[in-house]
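In: Kindly return the folded structure for what I paste below:
(chains A and B)
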There are 2 protein chains.
Amino acid sequence: MTSTTAAQPGTDQARPEGAAPAPVLILVERAYGPAAGGAPDFREADPSAAQLLVTDFVATRGDGVFETLGAFDGTLANVGPHLDRLTRSAAMIDLAGPDHDVLRAALEAAVAAHPPVPELTVRLSLTRGVEGSGVPSCWIHARVADDYAPARAGLSVVSLDRGLPTTAPASSPWLLAGAKTLSYAVNMAVLREAQRRGAEEVLFVSSEGYALEGPTSTLLVRLGDRWVTTPVDAGVLPGTSVASAFALLRAEGAECGEELLTIEQVREADAAWLLSSGRLAAPIRQLDGVDLPVDAALTARLGDAIAGRA
Amino acid sequence: MTSTTAAQPGTDQARPEGAAPAPVLILVERAYGPAAGGAPDFREADPSAAQLLVTDFVATRGDGVFETLGAFDGTLANVGPHLDRLTRSAAMIDLAGPDHDVLRAALEAAVAAHPPVPELTVRLSLTRGVEGSGVPSCWIHARVADDYAPARAGLSVVSLDRGLPTTAPASSPWLLAGAKTLSYAVNMAVLREAQRRGAEEVLFVSSEGYALEGPTSTLLVRLGDRWVTTPVDAGVLPGTSVASAFALLRAEGAECGEELLTIEQVREADAAWLLSSGRLAAPIRQLDGVDLPVDAALTARLGDAIAGRA
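Out: Prediction:
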């Protein structure tokens, strides 16, 4: 596998002191396997220039899938689980699974092209491509992570109905529950609704009243010595972070597993977190106005485990 | 309001005989009102060149709204209802309503820039814009319409669960039922599911069993002398075509209105159509394997009414 490097917009030589470094954009032109003749599989491109046609299915239908990874001190976390989930999401929208070796190399190239920072947000997108072309579009965008310190200190969360029962994935797979698609308008709308209610985040609830997941995060709940996350077959994303958290907790003797909890059970839990690749472990300090205990030291350890620092 | 014209990629001077003319792309830079200094509100651009940043919210979240209009013999149909619906969809995702005069002029410029054809598909997109910019992106893409003759002869349709109850718009507006967003991955997934079942189109059904709409069309049902479409407050798009159909039918003395029908009632109806701006009136010739009567002459008259030819 080979790659070319363009004008290196990610270097910080011309960067004014104090300004954030420019993002890095990698266009992955061989997401389905290396070229036979040694042509580059991916190349760096100018992230401040237009790169997408208006007839790309992502622009006409939100028709694609994505993953957001974190890189901490220059090292990507949970690459394998993210690539596995991308392939799973792609299959759910009848898109062939991309070549993981190419994508892994392209992800690492994006991180390497970016000036060193403690936390980098690396977004991998795969779309159905330009209408009529039959060729998916794929790119990687890496930028300095937002300041997640407030979220890691504790989130005020409201529960909002997702409208679907937990049986939807089995009975109606075309509703794409559990696929990480680029059709995330509802995931954004619920965050605005949360803000209108004076909260910062959302916990989706199934039509039967079960706690599901956040719009961009996985639920982790502590019930005494038991640690619980939502079953994937209930229509949530397979969390890439929760496995790291479970590994830490199991090493300390805790019981961890998938279990459906009602939203009332979460409100009465000993603690709860929303896990994601960027914010890592964000404790729920309030759910629907009910205070939950926050353990800052444990939260930090969970975060380190997810970031691969543990 | 003013406009500029670029290289005129829509002209057919260099077009090989028999090839379809190139599409026309208009970038609308002042979708929220004309510039004070007389700067152009929109301009023609090269549709074969990249125009979108990967950080446009349409590419990261499918976060935008759209309308697809038809132009027949050079005249756009139902512009007012389409612009009203765009503004309604925008409001549902907390996006300000654009300037209708600017958009109308830009739509007309797109049609004028395209070589004359009997049927043109004109797509108007409005997104939340590039992340951090706070400025929505807006463009219009006009191309020769697909061949809709087969659809107008009759469609084989399957009903598929949409998962949501008809009460969702009132109880859970954040689910965006009835908004025409660019998050249409599910609307595309259901069409692939229909194909797997040997059908061509889909009629969505609510979780209570009511017939709703197609993924890109409005339901019209004939029950003797009564003509019925789905109530908008059940979570469907306000159809831009059904008003034209109702006007024709009412002029002939028919009773027309909004009414919830079960999917069984539609299967037993005297006739049913899926209405849309491109295909116009497409009769349902089979629903879930049950044959429905098709009236070709009436279908043609309904189509002419929707196209503004009546």
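In: Just the C-alphas of stretch A:273-288, formatted as PDB.
Out: What follows is stretch A:273-288 as a C-alpha-only set of coordinates in PDB (Å, rounded to 0.1, in the frame of the first residue of the first chain):
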ATOM      1  CA  TRP A 273     -22.000   7.400  32.100                       C
ATOM      2  CA  LEU A 274     -22.300   8.200  28.400                       C
ATOM      3  CA  LEU A 275     -19.200   6.700  26.700                       C
ATOM      4  CA  SER A 276     -17.800   7.900  23.400                       C
ATOM      5  CA  SER A 277     -14.500   8.100  21.600                       C
ATOM      6  CA  GLY A 278     -14.000  11.800  22.000                       C
ATOM      7  CA  ARG A 279     -15.500  12.600  25.400                       C
ATOM      8  CA  LEU A 280     -14.400   9.200  26.700                       C
ATOM      9  CA  ALA A 281     -16.400   8.700  30.000                       C
ATOM     10  CA  ALA A 282     -18.900  11.500  30.700                       C
ATOM     11  CA  PRO A 283     -20.800  10.900  33.900                       C
ATOM     12  CA  ILE A 284     -24.500  11.600  34.000                       C
ATOM     13  CA  ARG A 285     -24.800  14.000  36.900                       C
ATOM     14  CA  GLN A 286     -28.500  14.600  36.400                       C
ATOM     15  CA  LEU A 287     -31.100  12.600  34.500                       C
ATOM     16  CA  ASP A 288     -34.500  14.200  33.900                       C
END
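In: Tell me how far that stretch lies from the chain's centre.
Out: Remark: stretch A:273-288 is offset 13 Å from the chain centroid, using CA atoms, centre = their mean, to the nearest Å.
In: Likewise for stretch A:182-193?
Out: Relative to the chain's own centre, stretch A:182-193 is displaced by 14 Å; criterion: CA atoms, centre = their mean.
In: next one: stretch A:151-162
Out: Put simply, stretch A:151-162 sits 16 Å off its chain's centre (CA atoms, centre = their mean).
In: And stretch A:266-274, by the same measure?
Out: Stretch A:266-274 has its C-alpha centroid displaced from the chain centroid by 21 Å (CA atoms, centre = their mean).
In: tell me which residues in it are buried?
Out: A:V266, A:R267, A:A269, A:A271, A:A272, A:W273, A:L274 (16 or more other CB atoms under 10 Å in any protein chain shown). C-betas here are computed from N, CA, C, even on glycine.
In: same deal with stretch A:220-230?
Out: Using 16+ other CB under 10 Å as the burial criterion, the residues of stretch A:220-230 that qualify are A:L220, A:V221, A:R222, A:L223, A:W227, A:V228, A:T229, A:T230.
In: swap in stretch A:185-197?
Out: For stretch A:185-197, the neighbour count (16+ other CB under 10 Å) marks A:A185, A:V186, A:N187, A:M188, A:A189, A:V190, A:L191, A:E193, A:A194 as buried.
In: From A:G134, how far out is the residue in chain A sticking out farthest from the centre?
Out: The centre of chain A is farthest from one residue, A:G37, which by CA atoms, centre = their mean lies 34.1 Å away. From A:G37 across to A:G134, the span is 21 Å (CB to CB, to the nearest Å).
In: Tell me the pLDDT of the residue of chain A found nearest chain B.
Out: Of chain A, the residue with the smallest distance to chain B, taken as CB to the nearest CB, is A:G62 at 2.5 Å. The score at A:G62 is 97. That number is its pLDDT.
In: which residues touch the nearest residue to it once chain neighbours are set aside?
Out: Counting by CB to CB, 6 or more residues apart in numbering or on different chains, B:G62 is the residue found nearest to A:G62 once chain neighbours are left out, at 2.5 Å. For B:G62, the set of contacting residues under the criterion of CB atoms under 8 Å, 6 or more residues apart in numbering or on different chains consists of A:58, A:61-62, A:181-185, B:181-185.
In: how about the helices of the stretch 201-310 of chain A, start to end?
Out: A:242-251, A:263-267, A:296-307 (DSSP state H, counting those that start in this stretch).
In: follow-up on the earlier one: out of the buried residues of stretch A:185-197, which touch chain B?
Out: Filtering the buried residues of stretch A:185-197 for proximity to chain B (criterion: CB under 8 Å from any CB of the partner chain) leaves A:A185, A:V186, A:N187, A:M188, A:A189, A:V190, A:E193.
In: Cross the buried residues of stretch A:185-197 against helices and list the overlap.
Out: Using DSSP state H, the members of the buried residues of stretch A:185-197 that fall in helices are A:A185, A:V186, A:N187, A:M188, A:A189, A:V190, A:L191, A:E193, A:A194.
In: how deep is A:A20 tucked in, by neighbour count?
Out: The number of residues packed around A:A20, counting by other CB atoms under 10 Å in any protein chain shown, is 11.
In: can you put the helices of the stretch 201-310 of chain A in CSV and add distance to A:I140 and mean pLDDT?
Out: Shown next, in CSV, are these (distance: least, CB to CB, whole Å; pLDDT from 0 to 100):
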stretch, distance to A:I140, mean pLDDT
helix A:242-251, 22, 97
helix A:263-267, 35, 98
helix A:296-307, 19, 98
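In: Need the ones you listed in JSON lines (columns: distance to B:G239).
Out: JSON lines is the format used below for the helices of the stretch 201-310 of chain A (distance: least, CB to CB, whole Å):
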{"stretch": "helix A:242-251", "distance to B:G239": "43"}
{"stretch": "helix A:263-267", "distance to B:G239": "36"}
{"stretch": "helix A:296-307", "distance to B:G239": "47"}
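In: From what I see, A:V266 and A:V221 are in contact.
Out: Yes: applying CB atoms under 8 Å as the test, A:V266 and A:V221 come out as touching, 5.7 Å apart.
In: now for chain A, which residue lies nearest the mean position of the chain?
Out: When chain A is reduced to its mean C-alpha position, the closest residue under CA atoms, centre = their mean turns out to be A:T68, at 4.0 Å.
In: which one is A:E29 nearest to, not counting chain neighbours?
Out: What sits nearest to A:E29 in space, not counting adjacent residues and going by CB to CB, 6+ apart, is A:F42, at 6.2 Å.
In: ah, wrong one, I meant A:L223
Out: With CB to CB, 6+ apart as the criterion, A:L223 has its nearest non-adjacent residue at 5.7 Å, and that residue is A:A269.
In: Surely that neighbour is in contact with A:V221?
Out: Yes: in this structure, A:A269 is within contact of A:V221 by CB under 8 Å, at 4.8 Å.
In: List the residues that contact the nearest residue to A:T262 once chain neighbours are set aside.
Out: Nearest in space to A:T262, with sequence neighbours left out and distances taken as CB to CB, 6+ apart, is A:G209 at 5.3 Å. Under the criterion of CB under 8 Å, 6+ apart, the neighbours of A:G209 are A:T262, A:I263, A:E264.
In: Then A:R285?
Out: When the contact criterion is CB under 8 Å, 6+ apart, the partners of A:R285 are A:A153, A:G154, A:L155, A:S156, A:D291, A:L292, A:V294.
In: Of those - the most surrounded one?
Out: Among the contacts of A:R285, where neighbours are counted by other CB under 10 Å, the top count belongs to A:L155, at 27 neighbours.
In: give me the beta-bridge partners of that residue?
Out: With DSSP bridges applied, A:L155 shows beta-bridge pairing to A:I284.
In: surely A:A272 meets A:A282?
Out: No: A:A272 sits out of contact with A:A282 when judged by CB under 8 Å, with a separation of 10.0 Å.
In: Now do the strands in the stretch 201-310 of chain A.
Out: In order along the chain, the stretch 201-310 of chain A carries the following strands (DSSP state E, counting those that start in this stretch): A:201-205, A:213-214, A:217-223, A:226-229, A:255-258, A:271-276, A:280-287, A:290-291.
In: I'd like the ones you listed written out as TSV, with mean pLDDT added.
Out: Converted to TSV, the strands of the stretch 201-310 of chain A look like this (pLDDT from 0 to 100):
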stretch	mean pLDDT
strand A:201-205	98
strand A:213-214	98
strand A:217-223	98
strand A:226-229	98
strand A:255-258	98
strand A:271-276	98
strand A:280-287	98
strand A:290-291	98
